[in-house]
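Trainee: Fold the stuff below for me.
(chains A and B)
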Amino acid sequence: MPPRIAIIDYGMCNLDSVRRAVEECGGVPVITSQRTEIAAADKVVLPGVGAFNVAMQHIRELQIDQCLSEDVVGKKTPLLGICLGMQILASSGTEGGESTGLGFIEGQVRRLEPVGDDNRIPHVGWNQVVAADAQHPLFKGIRPGSDFYFVHSFHFCAAHESDRAATTPYAGGFTSVVGKGPIFGVQFHPEKSQKIGFQLLRNFIFY
Amino acid sequence: MPTKIRVMPTLLYKDVGLVKGIGFDSWRRTGSAMQAIKVYNMREVDELIFVDITATNDNREPDFATIDELADECFMPMTVGGGIRTVDHVRKMLSVGADKVAINSAAIENPALITDVANRFGAQCVVVSIDYKNTGGAAEVYTHSGTRKTGKSPIELARQVESLGAGEILLTSIDRDGTMNGYDVEITRKVSDNVKIPVIASGGAGSYSHMVDVLRDGKASAIAAASIFHFTEQTPLEAKRYLHDQGFNVRL
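Mentor: Okay, the predicted model is just below:
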């Protein structure tokens, strides 16, 4: 049976791209905000495009925070946050005013600050992702320093070194992948990063 | 380290197929959009720009159904423009699979739209598309596919939309469009020097060395091109190899 992948719908994203990519990678995508469907999934993807505070507001209104904490993280179901979905895994964020995040991985989401004239913000385009540990499960079969597609103005400042799974050399260097047990977050868009992105998604789907 | 230079094919959509013109006129058919997307997928291009050039002038809503079909096969980042006038248009466009939206006429008629979209979906998905002509020595912005004058300078407008929350600027010289005579390096440089967000240069690419000119001297962050990829043997991948050999940071 191919793994069932719940893609959480909280009104903040290009769900269709993630759905198509999961399908192409051999998973069965289920776009949902229903607690029973999320709890029944083999893996959960938390996508997202938009502002931190608005996202958290939607998540709370739909009581997805409680569901994720009890039915997903509490049961050690693998979870992958993508872009804004990665950022809201943090304890707090500053976009749209200080607001509380899901708090699954300790840290704060802050604005990227340009270093020199060469760094324009938003950081848009392809950039290197350097895994701290080449054996990391998400990076199986991926050459170190491969390029993924980014489009963001904020970044995840993880409180603990051990939660920083990969970095990207832009704006002084930022954490592009966080990981803590079966909880993962990627700042880039694997669903738009072609072959290499699909490899990472397959690594998650079959983790 | 700066971001890698992106080489972005532009696909212009009119009625039922792709077209390419000269100076925003004399449109030639260039084939099916789906076919183009499949080819660009296979070639792993950096990003695509897809613009419905008649939506605004026909006073139509964006064609969400078509974008939905195309986006399902587009496994690379896609910026979609044409007829986007409301926050709800943006929401629908992102939900059918666009990664960013390009706003042109509406950004000038209703500048608050830029801020509303940026607040709701983040600045990173708002590309403001600025089309201009050099009329009597001064550059002037046009809207409605180059048919309506605005009296605005592209440099001032770029600064203004940046402060309103735009995440990128797609800067197109209508005079250069389709000529394959080279980008407008001078205006691109002026716009790039006046904003801190990425500037995508568009209009005039006819050779890889034109790309070098607008990147090195025009300080563009990315380049968009259409005719060169539709009507010549030159490809985005070869362009990047050339740029790499010239010392630019690209994804190969």
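
Trainee: Please save the CA atoms from the helix or strand of chain B with the lowest mean pLDDT in CSV.
Mentor: Sorting the helices and strands of chain B by mean pLDDT, DSSP states H and E puts strand B:25-31 at the bottom, at a mean of 81. Included here for strand B:25-31 are C-alpha records, laid out as CSV according to Å, rounded to 0.1, in the frame of the first residue of the first chain:
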residue,chain,number,x,y,z
ASP,B,25,2.4,43.8,-31.2
SER,B,26,2.6,41.6,-34.4
TRP,B,27,1.8,38.4,-32.4
ARG,B,28,3.0,35.1,-33.9
ARG,B,29,1.7,31.8,-32.7
THR,B,30,4.4,29.7,-31.0
GLY,B,31,2.5,26.5,-30.0
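
Trainee: Work out the gap between it and the centre of the chain.
Mentor: Taking Cα atoms, centre = their mean, to the nearest Å, one finds the center of strand B:25-31 at 17 Å from the center of the full chain.

Trainee: what's it packed up against?
Mentor: Using 3 or more Cβ pairs under 8 Å, 6 or more residues apart in numbering or on different chains; DSSP states H and E, the elements in contact with strand B:25-31 are strand B:17-22. For glycine as for every other residue, the C-beta is placed from the backbone atoms N, C-alpha and C.

Trainee: quick one: buried residues of the strand it packs on?
Mentor: B:Leu18, B:Val19, B:Lys20, B:Gly21 (16 or more other Cβ atoms under 10 Å in any protein chain shown).

Trainee: can you pull out the strands in chain B?
Mentor: Listed from the start of the chain, chain B has strands (DSSP state E) covering B:6-14, B:17-22, B:25-31, B:48-52, B:78-81, B:100-103, B:126-135, B:138-143, B:148-149, B:168-173, B:199-202, B:222-225.

Trainee: for chain B, what are the low-confidence residue spans?
Mentor: Residue ranges of chain B with pLDDT under 70: B:1-2.

Trainee: Give me every residue in it lying close to chain A.
Mentor: If contact is defined as Cβ under 8 Å from any Cβ of the partner chain, the residues of chain B in contact with chain A are B:1-6, B:41, B:44, B:46-47, B:68, B:71-72, B:75-77, B:94-100, B:119-125, B:167-168, B:196-198, B:221-222, B:251.

Trainee: Count the residues that sit near the spatially closest residue to B:Gly122 that is not a sequence neighbour.
Mentor: Closest residue to B:Gly122 in three dimensions, ignoring its sequence neighbours and counting by Cβ to Cβ, 6 or more residues apart in numbering or on different chains: A:Gly50, at 5.1 Å. As a burial measure, the neighbour count of A:Gly50 was computed by other Cβ atoms under 10 Å in any protein chain shown and equals 26.

Trainee: Let's verify the one residue in chain A that gets nearest to chain B: helix, strand, or coil?
Mentor: For chain A, the nearest residue to chain B under the criterion Cβ to the nearest Cβ is A:Asp118, separated by 3.8 Å. Three-state assignment for A:Asp118 (DSSP: H, G, I helix; E, B strand; the rest coil): coil.

Trainee: And it, how far from B:Thr3?
Mentor: Here the distance between A:Asp118 and B:Thr3 works out to 8 Å (Cβ to Cβ, to the nearest Å).

Trainee: neighbour count winner among the two?
Mentor: Neighbour tally, A:Asp118 and B:Thr3, criterion other Cβ under 10 Å: the higher count belongs to B:Thr3, 21 against 14.

Trainee: hang on, isn't the more buried one packed against B:Pro198?
Mentor: Yes: proximity of B:Thr3 to B:Pro198 meets the contact threshold set by Cβ atoms under 8 Å, at 7.4 Å.

Trainee: mind listing the strands for chain A?
Mentor: Taking DSSP E to define them, one finds strands in chain A at A:4-8, A:28-32, A:43-46, A:79-82, A:92-93, A:99-100, A:107-111, A:123-128, A:130-131, A:147-152, A:154-158, A:164-168, A:174-180, A:183-186.

Trainee: elements contacting the last one?
Mentor: Packed against strand A:183-186, as judged by 3+ Cβ pairs under 8 Å, 6+ apart, are the following elements: strand A:79-82, helix A:84-87, strand A:174-180.

Trainee: Report the two of the buried residues of strand B:17-22 separated the most.
Mentor: Distances among these were taken as Cβ to Cβ; the most separated pair is B:Leu18 and B:Gly21, at 11.3 Å.

Trainee: which residues are common contacts for these two?
Mentor: A shared contact of B:Leu18 and B:Gly21, defined by Cβ atoms under 8 Å, 6 or more residues apart in numbering or on different chains, is any residue touching both; here these are B:Leu12.

Trainee: follow-up on the earlier one: what residues of the least confident helix or strand of chain B count as buried?
Mentor: Within strand B:25-31, the residues that qualify as buried are B:Trp27, B:Thr30, counting by 16+ other Cβ under 10 Å.

Trainee: which residues does residue 149 contact?
Mentor: All of this refers to chain A. Counting by Cβ under 8 Å, 6+ apart, A:Tyr149 makes contact with A:Gly125, A:Trp126, A:Phe188, A:His189, A:Lys192, A:Ser193, A:Gly197, B:Glu47, B:Met76, B:Pro77.

Trainee: Sorry, I should have been clearer: chain B.
Mentor: B:Lys149 makes contacts with B:Glu140, B:Tyr142, as judged by Cβ under 8 Å, 6+ apart.

Trainee: what do you get for B:Phe121?
Mentor: Under the criterion of Cβ under 8 Å, 6+ apart, the neighbours of B:Phe121 are A:Met12, A:Val49, A:Gly50, A:Ala51, B:Val90, B:Arg91, B:Leu94.

Trainee: shouldn't the fifth one be in contact with B:Ile84?
Mentor: Same thing as B:Val90. Yes: the criterion here is Cβ under 8 Å, and B:Val90 meets it with B:Ile84 at 6.3 Å.

Trainee: joint contacts of the two?
Mentor: By Cβ under 8 Å, 6+ apart, B:Val90 and B:Ile84 have these common neighbours: B:Val101.

Trainee: Separate out the buried members of the contacts of B:Phe121.
Mentor: Under a neighbour-count criterion of 16+ other Cβ under 10 Å, the subset of these counted as buried comprises A:Met12, A:Val49, A:Gly50, A:Ala51, B:Val90, B:Arg91, B:Leu94.
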